[in-house]
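Engineer: Please find the sequence and the predicted model below.
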There are 2 protein chains.
Amino acid sequence: MRYVMVQIPKSAPFPTPVPRSVPTSADVARLAGVSRATVSYVLNDSGAVRISDATRRRVHEAAEELGYVPHAAARSLRAGHSRIVLMPAPSFPAGPLYSRFIEELQEALGRLDYTVVQHATAGRHGDEAARAWAELRPVAVLVPGSGIGPEGVAVLRRAGARAVVTLGSGPVEGAHALLMDHESVGHCAGAHLHTRGRRRIGVVVPEDRDLDVFSRPRLAGVRRALRGTGATVTELALGYDEPSAARLAARWRDLGLDAVFAYNDEYAMLLMRALQDEGVRIPEETAVLGADDLLLGRLLRPRLSTVHLDLPSGRDLAHLVDRAVRDPGAPPQRHTVLGATVVPREST
Amino acid sequence: MRYVMVQIPKSAPFPTPVPRSVPTSADVARLAGVSRATVSYVLNDSGAVRISDATRRRVHEAAEELGYVPHAAARSLRAGHSRIVLMPAPSFPAGPLYSRFIEELQEALGRLDYTVVQHATAGRHGDEAARAWAELRPVAVLVPGSGIGPEGVAVLRRAGARAVVTLGSGPVEGAHALLMDHESVGHCAGAHLHTRGRRRIGVVVPEDRDLDVFSRPRLAGVRRALRGTGATVTELALGYDEPSAARLAARWRDLGLDAVFAYNDEYAMLLMRALQDEGVRIPEETAVLGADDLLLGRLLRPRLSTVHLDLPSGRDLAHLVDRAVRDPGAPPQRHTVLGATVVPREST
DNA sequence: TTGAAAGCGCTACCAT
DNA sequence: ATGGTAGCGCTTTCAA
């Protein structure tokens, strides 16, 4: 980290002197010459009570003058529930596709007036982490990957969470599940390569173990697609860097493969380039197939064939959460998402 | 969104019947046969008071049995302060570089025992948004881009925020600033292209106006680098899609440029491919320079030259925030980060 | 060593 | 139409 420090001129150490204490509704009441109850009624526009316009104005002015801002914690303590949706940080490095999905989801939840809290699950894991999450008394919890067990779900529900949704991992008792069907991605890929006449198929599995949640099911899916066809499936470890790709490419001819499903477009691009540098002709000698349908995949030559994933939109999931929150009695549901379709371009 | 619903068997609508109410410290006290005060002492391991081991054990057992989890809101209400670090969602589409930075930052803050709250700033903007943020009484606020003015900073400080840090935009009175010096990125790019003997230089400015915060300073930097050299600078609007790139490439020969700084690697890759499809030889006819030093830039042929950005690590910033929180009296500081260095490869 | 009680800021009853 | 007040769950004096 390189930086240059510049001292602010002494003349203005602070633009506004930091007030000793934060104004409360009592301060507003005092200034407006009314009771705290009245302040609350006015500021919350409570339909149940009628307040004269004169008083309303006085209260609003007082609030304005003091720069009053209600205290969310106090409010939700009193109310007995929060609008917090908790999302533990994913335990795997999020790709561009997943990042965008999360961003969309957050925005949509915000629009529904939820407060999204990203909780970094530093160190803790599993049901121990669930206890930390429960302290926030979230109204809903969205857990990516395999970050929670039945115990954890129970803890959260006991702490008042009206919906627990697991994202991507296998179903957990008591929780709603949004299953990402990565197995079918692999199946799709395997079937496509087989259709193209390929019989000796490599499958890239990232060395990053945190990606196992995705890569293992994809590999399994390829295996299933090819079972009984006489085609072979070879697992290929690959790190996300050029030397690793170069090493793999160097022994490519020995591997004798005629196709490879490269986990996703990024790994596919990396490997394809390494193979080309090694003189391997694509797709003639080896077909290369990615996944995620990134824009950049179209920029290589040959254009990268890919498996397009039909992720739910963030808005969809947000509404799903909202519905679950509104009807917490409903039995946990499992939604299997991820329509996978091959986008054949030039590399297969 | 395509999904298949599967009903959970009726026999187990819920693994554990949802208890009517969340256990409080009073429940624990009752079960352990002690007072609430004692429970608090035991569970917080308060050094100030000595509690007999027998009592300690009874309290712990009771807490365990009830599945007691303290209520964060109540605690921080009583304490008068929170450990919340608020981060409004960025108002611009975050690239891979920025996303990773944010993730790192969140993890580091979590490790320092802060709770990171991502607040989706749906609709609201500027000082109006600041009021919404202040409701959470965050101990620190990290605002990416130009999302806040002096008024907003004052509101947050009044609400008890001990540190307000702006990320990337110009300095705001009263707030610490982590200035991302995008102007120098442009300067660096301009200087490099000039050194390479280029004199008619195009600069890509993404059509996405949300990226103006970054793209405008970069453009200005190029202009500054080339001022007085007789070289020309041409602004080029470009959308992040292939048709847009193709349109720009189609009129390339008319533009008569011999170099282009393409905002970042992604736009550079997009444009470079379109130019090549148009028959423009790179770098002979036109040099192409990106920024961000993404791995994928190395996969094109020619390899993409780029401006490498020396971002601070998330850990660094987290510690900076922590220090500011611990010493809230200190005058706001401005840190200018982003060491920019050209990584010349084959495209320039 | 433990308990009683006050109070953080807010809202919703029940009076007036 | 407005005010008094109880109490959400927690910590922390002060007293015993």
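Structural biologist: Here it is on my side, so go on.
Engineer: Quick check, the residue in chain A closest to DNA strand D?
Structural biologist: residue A:50 (2.9 Å; CB to the nearest atom of the strand). Glycine gets a C-beta too; all of them are placed from N, C-alpha and C.
Engineer: who's in contact with the residue most central in space within chain A?
Structural biologist: In chain A, the centroid-proximal residue (CA atoms, centre = their mean) is residue A:102; its distance is 3.9 Å. Contact analysis of residue A:102 by CB atoms under 8 Å, 6 or more residues apart in numbering or on different chains lists A:87, A:90, A:94, A:314.
Engineer: Pull the most distant pair out of those residues.
Structural biologist: Within the contacts of residue A:102, A:90 and A:314 form the most distant pair, 14.6 Å apart (CB to CB).
Engineer: more neighbours, these two?
Structural biologist: residue A:90 (21 against 18; other CB atoms under 10 Å in any protein chain shown).
Engineer: Roughly how far does that one sit from DNA strand C?
Structural biologist: Distance of residue A:90 to DNA strand C, given as CB to the nearest atom of the strand, to the nearest Å: 34 Å.
Engineer: Confirm that that residue sits in a strand.
Structural biologist: No. Applying DSSP: H, G, I helix; E, B strand; the rest coil, one finds residue A:90 to be coil, outside a strand.
Engineer: ok, it touching residue A:145?
Structural biologist: Yes. With contacts counted by CB atoms under 8 Å, residue A:90 reaches residue A:145, the gap being 5.8 Å.
Engineer: Helix, strand or coil: sort out residue A:46 for me.
Structural biologist: coil.
Engineer: Likewise for residue A:230?
Structural biologist: Residue A:230 ends up coil, using three-state DSSP.
Engineer: Ok, residue A:308 next?
Structural biologist: With three-state DSSP as the criterion, residue A:308 reads strand.
Engineer: tell me the contacts of it?
Structural biologist: Neighbours of residue A:308 in contact, by CB under 8 Å, 6+ apart: A:292, A:293, A:340, A:341, A:342, A:343.
Engineer: what comes up buried for stretch A:273-292?
Structural biologist: A:273-276, A:280, A:282-283, A:286-292 (16 or more other CB atoms under 10 Å in any protein chain shown).
Engineer: go on, stretch A:59-70?
Structural biologist: The neighbour-count check on stretch A:59-70 (16+ other CB under 10 Å) flags A:59, A:60, A:62, A:63, A:66, A:67, A:68, A:69, A:70 as buried.
Engineer: what does stretch A:245-261 give?
Structural biologist: A:245, A:246, A:248, A:249, A:252, A:257, A:258, A:259, A:260, A:261.
Engineer: Include distance to residue A:42 and pLDDT when you put the contacts of residue A:308 into TSV, please.
Structural biologist: TSV is the format used below for these (distance: CB to CB, whole Å; pLDDT from 0 to 100):
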residue	distance to residue A:42	pLDDT
A:292	52	93
A:293	53	95
A:340	55	92
A:341	56	95
A:342	60	97
A:343	57	96
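Engineer: before we move on, the earlier item: and chain B, which of the buried residues of stretch A:59-70 contact it?
Structural biologist: A:67, A:69, A:70 (CB under 8 Å from any CB of the partner chain).
Engineer: for those, which one is nearest residue B:299?
Structural biologist: Lowest distance from residue B:299 to these (CB to CB) belongs to residue A:69, with 50.2 Å.
Engineer: Give me the pLDDT value at the closest one.
Structural biologist: The model reports residue A:69 with a pLDDT of 95.
Engineer: Can you check my assumption that it lies in a helix?
Structural biologist: No. Read with three-state DSSP, residue A:69 is coil and lies in no helix.
Engineer: who touches it in this structure?
Structural biologist: Contacts of residue A:69 (CB under 8 Å, 6+ apart): A:22, B:131, B:134, B:135, B:155, B:158, B:159.
Engineer: Which residues of the stretch 101-250 of chain A lie near chain B?
Structural biologist: A:103, A:106-107, A:109-111, A:115-123, A:131, A:134-137, A:150, A:153-155, A:157-160, A:173-174, A:240-242.
Engineer: Do me a favour and get the end-to-end distance for stretch A:241-256?
Structural biologist: Distance across stretch A:241-256, first residue to last, is 23 Å (CA to CA, to the nearest Å).
Engineer: where do the strands sit along chain A?
Structural biologist: A:4-7, A:84-88, A:115-119, A:140-145, A:163-168, A:176-180, A:200-206, A:232-238, A:259-261, A:287-291, A:305-310, A:333-337, A:339-343 (DSSP state E).
Engineer: Would you reformat those strands as CSV and include distance to residue A:193?
Structural biologist: Formatted as CSV, the strands of chain A follow (distance: least, CB to CB, whole Å):
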stretch, distance to residue A:193
strand A:4-7, 54
strand A:84-88, 36
strand A:115-119, 38
strand A:140-145, 28
strand A:163-168, 25
strand A:176-180, 22
strand A:200-206, 6
strand A:232-238, 10
strand A:259-261, 5
strand A:287-291, 6
strand A:305-310, 9
strand A:333-337, 23
strand A:339-343, 9
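Engineer: just to revisit the earlier point, I'd like to know which of the buried residues of stretch A:59-70 is nearest to residue B:74.
Structural biologist: Distances from residue B:74 to the buried residues of stretch A:59-70, taken as CB to CB, are shortest for residue A:70 (16.5 Å).
Engineer: Would you mind listing what in chain A touches DNA strand D?
Structural biologist: Selection of chain A residues close to DNA strand D by CB under 7 Å from any atom of the strand yields A:33-38, A:41, A:49-52, A:54-55, A:74, A:77-78, A:80.
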